[in-house]
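Colleague: need a structure here:
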Amino acid sequence: MNPLFRISPLAFAITLALLPEAHAVDYVLTNGQDTFSSDRVIDGAIDVRSTDGNTSSLTINNGATVTSEGGRIVGQASRTGVNQAQASVIVEGAGSRWIVPRTSFVLGNTIRIGDVGQGSMTVRNGGQVSVRDLRLSDSGNSANQFSNAELLVSGQNSLVDAVNIDANSAGFVYKSSITLNDGGKINSQQVDIESTTRLSGAGTRWDNSGSFLNRNDLTLESGAVLTSDSMRLGSAVSSRSNQVNITGQGTRLAVQSMTLGTNETRTYVTLADGAELSATNGILISTVNDINNATRGTLIVGGPLVVDPNRTDIDFVSAGTPQAAGRLDPQTATTFGTGNGHLAFNHTDPDLQFANTLNGTGRVYAFNGNTTLSGDTSGLAGGIVVRGGRLVLSGNVDQVNQRGNTATTQSVSQFNVGNGTLVVNGIAGRTQFGTYTNSAQVLDGGVLAGVGQVGTTQVAAGGTLSPGENAIGALAIQGDLDMAAGSRYAADIAGDGRADKINVSGTATLRGTQVNVTALDPAQSYQSGRTYTLLSAQGGVVDGAAAGTAYAQALTNSAFLNVGLQRTANDLNLTIEQKSVEPTPTPTPTPTPTPTPTPTPTPTPTPTPTPTPEPTPTPTPTPTPTPTPEPVPTPTPTPTPEPAPTPAPEPAPEPAPTPGIFQTVMLTQNQFNTAGALNVL
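Modeller: As a prediction, the model looks like this:
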């Protein structure tokens, strides 16, 4: 072949593309309805349009396969820009398909949805669409509130298969949407969308083999799955806040790599209620910094957060309702970039083990729940903020240089604790360029505890230091300690002489601290006069209290100990004394009652006669004498004879009469008297 006639494939494709498409015949449907129920080949594009508030709709069903070189589903607004115009294509039913061939040598190969009105494509109940490029676009004109584009994929075996999917706006108004539910699926290779996107229900999937750029709200829920090689979440508009919610058992977002927060946007990813997030090559949070130090990306485990929209920095006004935590794959390392990135915990779990590696200068926030950072945190240098719940640092923090080893890149890790507990069991900070990189502030309601090491520490009124946290332990402070009036030191003491302790490398200033002492052992194990060293400061213990007030006061709720404080040049000591206790008198025993027989008789005999008689009276003589003699003679003689005769004799006559001839001693009294009378006669 003559070299002059040789042409490259690229030049041939360009030449062919520029040729007029005289052979193409488009199918155009304007302000009407039509149905394709059998196979059809369109030698051109399918163009469904509506104008002036009208409606146009094309349905492909009954297992029909329709092939075209492209498609345009456009609803245009009226001349006033107010009336709504709707254009739609519906592909429904098993075997029903709309196919746009994917040749790169033919212009078209694109389905475009939406314009200045409403355009929608619905794929449902087993219908399928195959296309090279799928584009959802709107005008971006805020004056036209009806401008949007919609894609709905619903039902088992319903599928949209595309090489490229993009949904972008001509302006800063975002009204397009993509919805997958009830087992609907999308397969793609490249995604760039500004639409709101929702995947819902078990069996619902979006599998993307390339990059996935999402610049608007994204929701995965109720068992839906989204996979991608790489994913970037963030908007190009600084005023926007993108919300990515991943919730529910079985819901999963799985990527090779992920970036949260790009350019000047705020992106919040919430992982809750058992949903899973994994990024094999890690998650990068916030890649761009700016003069406003604005928030770039936040990964939230649990419920959402309430953010002050008027601030550019990370100022969570309050936590939203906490929820059960989601799960970040422990193999997913999280790195905070040069922007202002954050990891936040707002969950209800009693013991969440967060075993992921954390690196970079972002911050970790705790709002609710009990969380332990059990992974490698040695590269975390941004800081810890506790506003509720309990956060445990089991390992070291801020142990590596950030962005090189120069004085201008010195790392600073700051701890800020309020209305929650921070337990530090590792070493936080290091000496870099002659300065220790960590510092801590404990605010009203906050507790700093543990057996680790922190930097210079300030404790405000209502704040608490608690070495060991409810067990004997020592907390090291590499720097100075300043405890304000009304601050607290929670100190535990044991009977064997052990006690909590704070070791300060610099100066410890006490301005009116309350030392709350808890005795851990029984009373008999404590010895009066024993001294416990609660604080040692190499730079000295300084009385910084206001005039007329004490630098510290020891209190205890112990029933058997009195406590007091002694300050030396470098130590704060606690002394104890056993309280004087009056001996308890031996209680007077209560007489043991006679055992009650079982069953108990009624009434109980001792023995008791039935019935119980009244007291027996002395027998009364009949007839009863008056008065009753004891014994008394009737009549009583004078003098009383000893013994008095019964019956009493009549008084002897003076001179005593001589018995008559008829009277004898054997007669009765009556007979004697009668005989006497006869003697007289």
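Colleague: you'd agree Q524 is in a strand?
Modeller: No: counting by DSSP: H, G, I helix; E, B strand; the rest coil, Q524 is not part of a strand but helix.
Colleague: And it, how close does it get to F560?
Modeller: To F560, Q524 is 9 Å away according to C-beta to C-beta, to the nearest Å. Placement of C-beta: from N, CA and C, glycine included.
Colleague: Of the two, which one has the most company?
Modeller: F560 (15 against 9; other C-beta atoms under 10 Å).
Colleague: number of nearby residues for T204?
Modeller: So T204, with other C-beta under 10 Å, has 29 neighbours.
Colleague: residues touching the spatially closest residue to it that is not a sequence neighbour, list them.
Modeller: Spatial nearest neighbour of T204, excluding adjacent residues (C-beta to C-beta, 6 or more residues apart in numbering): A224 at 4.2 Å. Residues in contact with A224 (C-beta atoms under 8 Å, 6 or more residues apart in numbering) are 180-181, 199-202, 204-205, 251.
Colleague: What of V423?
Modeller: V423 neighbours (C-beta under 8 Å, 6+ apart): 390-393, 449-450, 469.
Colleague: Kindly report the same for I427.
Modeller: 396-397, 399, 452-453.
Colleague: so what's it bridging to?
Modeller: I427 has the following beta-bridge partners by DSSP bridges: Q453.
Colleague: Roughly how far does T30 sit from G71?
Modeller: 15 Å.
Colleague: where in the stretch 101-250 of the chain is pLDDT low?
Modeller: Flagging of the stretch 101-250 of the chain using pLDDT under 70 yields the residue ranges 104-108, 116, 138-147, 169-174, 235-240.
Colleague: could you redo the last one with a cut-off of 50?
Modeller: 140-144, 172 (pLDDT under 50).
Colleague: can you check the stretch 501-650 of the chain too?
Modeller: Across the stretch 501-650 of the chain, the ranges flagged by pLDDT under 50 are 628-629, 632-633, 637.
Colleague: So which residues of it form strands?
Modeller: For the stretch 501-650 of the chain, applying DSSP state E, counting those that start in this stretch gives strands covering 501-504, 508-510, 513-519, 531-537, 541-543, 552-556, 561-567, 571-578.
Colleague: any idea which of these is most buried?
Modeller: Among the strands of the stretch 501-650 of the chain, strand 508-510 has the highest mean neighbour count (mean count of other C-beta atoms under 10 Å), at a mean of 25.
Colleague: Run a quick neighbour tally on the spatially closest residue to R488 that is not a sequence neighbour.
Modeller: In space, and not counting its chain neighbours, R488 is closest to T464: 4.3 Å by C-beta to C-beta, 6+ apart. T464: 21 surrounding residues under other C-beta under 10 Å.
Colleague: my guess is T464 meets V442, correct?
Modeller: Yes: judged on C-beta atoms under 8 Å, T464 makes contact with V442 at a distance of 6.9 Å.
Colleague: Spell out which residues are contacts of both of those two.
Modeller: Residues touching both T464 and V442 by C-beta under 8 Å, 6+ apart: 448, 487.
Colleague: For the contacts of I427, pick the one with the most neighbours.
Modeller: Neighbour tally across the contacts of I427 (other C-beta under 10 Å): the maximum, 29 neighbours, falls on V397.
Colleague: what's across from that residue in the sheet?
Modeller: Applying DSSP bridges, one finds that V397 bridges with A428.
Colleague: How about the contacts made by it?
Modeller: With contact set as C-beta under 8 Å, 6+ apart, V397 has these partners: 377-378, 380-381, 384, 413, 426-429, 438.
Colleague: Flag whichever of those scores worst on pLDDT.
Modeller: In terms of pLDDT, S413 ranks lowest among the contacts of V397, with 85.
Colleague: Contacts only, for the closest residue to that residue other than its chain neighbours.
Modeller: Leaving aside its chain neighbours, S413 sits nearest to D398 (4.0 Å; criterion: C-beta to C-beta, 6+ apart). Contacts here follow C-beta under 8 Å, 6+ apart; on that basis D398 touches 378, 380-381, 411, 413, 428-430, 437-438.
Colleague: and with 10 Å instead?
Modeller: Residues near D398 by C-beta atoms under 10 Å, 6 or more residues apart in numbering: 361, 377-383, 411-414, 427-430, 432, 436-438, 455.
Colleague: Compute the distance between it and T533, please.
Modeller: D398 sits at a distance of 29 Å from T533 (criterion: C-beta to C-beta).
Colleague: Then S56?
Modeller: 86 Å.
Colleague: now E92
Modeller: 80 Å.
Colleague: Can you tell me which of the contacts of V397 are buried?
Modeller: Buried members of these, scored by 16 or more other C-beta atoms under 10 Å, are 377-378, 380-381, 384, 413, 426-429, 438.
Colleague: Which member of those residues is positioned nearest I186?
Modeller: Nearest to I186 among the buried ones among the contacts of V397, counting by C-beta to C-beta, is L380 at 36.7 Å.
Colleague: Tell me the pLDDT of the nearest residue to that closest one once chain neighbours are set aside.
Modeller: Spatially, and ignoring its direct neighbours in sequence, L380 is nearest to L358 (4.4 Å; C-beta to C-beta, 6+ apart). Looking at L358, its pLDDT reads 96.
Colleague: now A17
Modeller: Note for A17: predicted pLDDT of 43.
Colleague: which residues does the spatially most central residue of the chain contact?
Modeller: By C-alpha atoms, centre = their mean, the chain has its centre lying nearest to T348, at 2.7 Å. When contacts are counted by C-beta under 10 Å, 6+ apart, T348 is found next to 272-273, 302-303, 321-325, 368-370, 389.
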